[in-house]
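Colleague: Next one to model:
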Amino acid sequence: MSNKKFTVIKGGGDSLVAPKGSRFFSAYVTDTRLMGVLTLYIRWSIDEWDGATDFHQFFYFDAEEFGLDTYRSLLGQDELELQIMEDNLIGGLGAAKVPVTEREATFLVQSFVAAGKAMKAPLPEPMSEYGFLLKTPVVLTLEEREALNSKICTKIYSEYQLIHYFLMRCFARDPEGAAFLTETELDIATLAESEPSTLCRNSIEEFRDEDGILTYLCEALVELDGKYTIIILEIGVTGGKIITATRRSSFRVSAAEASMLLNRTEYVSVYEILADPDEFDERFLPMTNRHMVTAHEAGRLFLEFNPTNEHVDQKVFRLNEDIHGMYFITDFGQMILAAYSEEAIQALERTLQTPGLRQVLLASAKYEFKEPVLYEFIQSEFDDFAEFLETLKY
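Modeller: Next up is the predicted model:
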């Protein structure tokens, strides 16, 4: 542990300008590199300054497109603010928080910045707050790098999980990520599309040839710029690693055909909001710190993610199976819950039974649809969910 004096200089807007040293306290990284992202957290001890003795840093890394995409910091020990900051950055990752050393954390920050520069992506500000971590290059030994790799990558439990993660990294054109899963270097360019694309669905079937050799046939649905392609691949696995991968064929499918492949039963519950918007927000928003929020023309959508990425460890992978449930709050006084199983929709309904919420919500309808409809409603011009349903035929 370093034990250097840490001088904090305060700039405009109560931001830190230039930490000149550090006393490392702790750090963790998420085990989500195989999903293409990482969040790194570092806590520093500082000489008491303005009543604060701690400095917290969060780094969000996107391996596919943006490099070091987000940087956040907090001076002091406001537990609520710190929790909100953490939830915003890791709440949707389904991640475990794995402790790392100061040396490992510094190496990760330097690799995030280097990757961002290679992508010609701008670095997040204020760079002056983390520039001190870039001054002395950290070079890890092979053993140190392997130890760090085991921390940033979730443990692989099955061939299904191994293959799904491998294809995610291939279609994202992320050779470094794919290399975590292969025995030897494979040319992923021969498997992927010409540009980074998204693996929306993948199904796996076991296949044995006349010699009894086992391989896995994959039917992958990928999306690139709103266009969909089905790609057939054959994957060989030995000792928990990918040893061969061959692209056998591919063909385009329409958006409607892709939608059929991705369809799932959707359970919907509708509530009327009995409070004014500001009062309702005061009651509802505190429970959404870990949710992803997106604004739409007719309201706000809150996505609640599953706490783990267990959906990857099954024969058929669907990208949207990391979603536990959705809350859509319209600008016209309705709350619409949606989930993909009865258990999940019942869990969402239970969250609304807290004393602060149940008095201001009136349940008005429940539905079960053979395919998702909430997103259609959000993108429609309707204000009322029941009126929207009258235009559909089920």
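
Colleague: What is the subsequent helix or strand relative to the longest helix seen in the chain?
Modeller: Here the longest helix in the chain is taken by residue count, with DSSP state H as the criterion, and it is helix 102-118. Read in the C-terminal direction, the helix or strand following helix 102-118 is helix 142-152, with elements assigned using DSSP states H and E.

Colleague: same question for the helix or strand just after that next one, mean pLDDT?
Modeller: Following the chain from helix 142-152 toward its C-terminal end, the next helix or strand by DSSP H and E is helix 159-171. Mean per-residue pLDDT for helix 159-171: 96.

Colleague: likewise stretch 142-156?
Modeller: The pLDDT scores in stretch 142-156 average 95.

Colleague: related to what we said a few turns ago, CA-only coordinates of the longest helix of the chain in CSV, if you can.
Modeller: Taking Å, rounded to 0.1, in the frame of the first residue of the first chain, the C-alpha atoms of helix 102-118 are listed here in CSV:
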residue,chain,number,x,y,z
GLU,A,102,-3.7,-0.7,-6.0
ARG,A,103,-1.4,-2.1,-8.7
GLU,A,104,-4.2,-3.9,-10.5
ALA,A,105,-6.5,-0.9,-10.3
THR,A,106,-3.9,1.5,-11.7
PHE,A,107,-3.2,-0.9,-14.5
LEU,A,108,-6.9,-1.1,-15.3
VAL,A,109,-7.2,2.7,-15.5
GLN,A,110,-4.2,2.9,-17.7
SER,A,111,-5.6,0.2,-20.0
PHE,A,112,-9.0,2.0,-20.1
VAL,A,113,-7.4,5.2,-21.2
ALA,A,114,-5.2,3.5,-23.8
ALA,A,115,-8.2,1.6,-25.3
GLY,A,116,-10.1,4.9,-25.5
LYS,A,117,-7.3,6.6,-27.3
ALA,A,118,-7.0,3.7,-29.8
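
Colleague: Can you work out which other helices and strands pack against that helix?
Modeller: Other helices and strands packing on helix 102-118, by 3 or more CB pairs under 8 Å, 6 or more residues apart in numbering; DSSP states H and E, are strand 23-30, strand 37-49, strand 52-62, strand 67-75, helix 142-152. For every residue, glycine as well, the C-beta is placed using N, CA and C.

Colleague: From the chain's centroid, how far away is that helix?
Modeller: For helix 102-118, the gap between its own C-alpha mean and the chain's C-alpha mean amounts to 20 Å (CA atoms, centre = their mean, to the nearest Å).

Colleague: buried set for that helix?
Modeller: Of the residues in helix 102-118, those with enough neighbours to count as buried (16 or more other CB atoms under 10 Å) are 102, 104-113, 115-116.

Colleague: Please tabulate these in JSON lines, including the columns pLDDT and distance to residue 266.
Modeller: Supplementary listing: the buried residues of helix 102-118 in JSON lines, determined by pLDDT from 0 to 100; distance: CB to CB, whole Å:
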{"residue": "102", "pLDDT": "95", "distance to residue 266": "47"}
{"residue": "104", "pLDDT": "97", "distance to residue 266": "42"}
{"residue": "105", "pLDDT": "97", "distance to residue 266": "41"}
{"residue": "106", "pLDDT": "96", "distance to residue 266": "45"}
{"residue": "107", "pLDDT": "97", "distance to residue 266": "44"}
{"residue": "108", "pLDDT": "97", "distance to residue 266": "39"}
{"residue": "109", "pLDDT": "97", "distance to residue 266": "41"}
{"residue": "110", "pLDDT": "97", "distance to residue 266": "44"}
{"residue": "111", "pLDDT": "96", "distance to residue 266": "40"}
{"residue": "112", "pLDDT": "96", "distance to residue 266": "37"}
{"residue": "113", "pLDDT": "96", "distance to residue 266": "42"}
{"residue": "115", "pLDDT": "93", "distance to residue 266": "37"}
{"residue": "116", "pLDDT": "92", "distance to residue 266": "38"}
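
Colleague: quick revisit: okay if I get the helices and strands packed on helix 102-118 as TSV plus mean neighbour count and distance to residue 178?
Modeller: Putting these into TSV (neighbours: other CB atoms under 10 Å; distance: least, CB to CB, whole Å) gives the following:
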stretch	mean neighbour count	distance to residue 178
strand 23-30	20	19
strand 37-49	19	15
strand 52-62	20	16
strand 67-75	19	18
helix 142-152	14	13
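
Colleague: Could you check the angle the longest helix of the chain makes with strand 52-62?
Modeller: Put simply, helix 102-118 runs at 50 degrees to strand 52-62, going by axes from the mean of the first three to the mean of the last three CA atoms, to 10 degrees.

Colleague: State the distance from the nearest residue to residue 63 once chain neighbours are set aside to residue 230.
Modeller: The shortest distance from residue 63 to any non-neighbouring residue, by CB to CB, 6 or more residues apart in numbering, is to residue 36 (4.9 Å). Residue 36 sits 22 Å away from residue 230 when distances are taken as CB to CB, to the nearest Å.

Colleague: Contacts only, for the residue nearest to the spatial centre of the chain.
Modeller: Among the residues of the chain, the one closest to the centroid is residue 93, at 3.8 Å (CA atoms, centre = their mean). Taking CB atoms under 8 Å, 6 or more residues apart in numbering as the criterion, residue 93 is in contact with 30, 32, 35, 37, 39, 305.

Colleague: how does it look with 6 Å?
Modeller: Shown here is residue 93, whose contacts under the criterion CB atoms under 6 Å, 6 or more residues apart in numbering are 30, 32.
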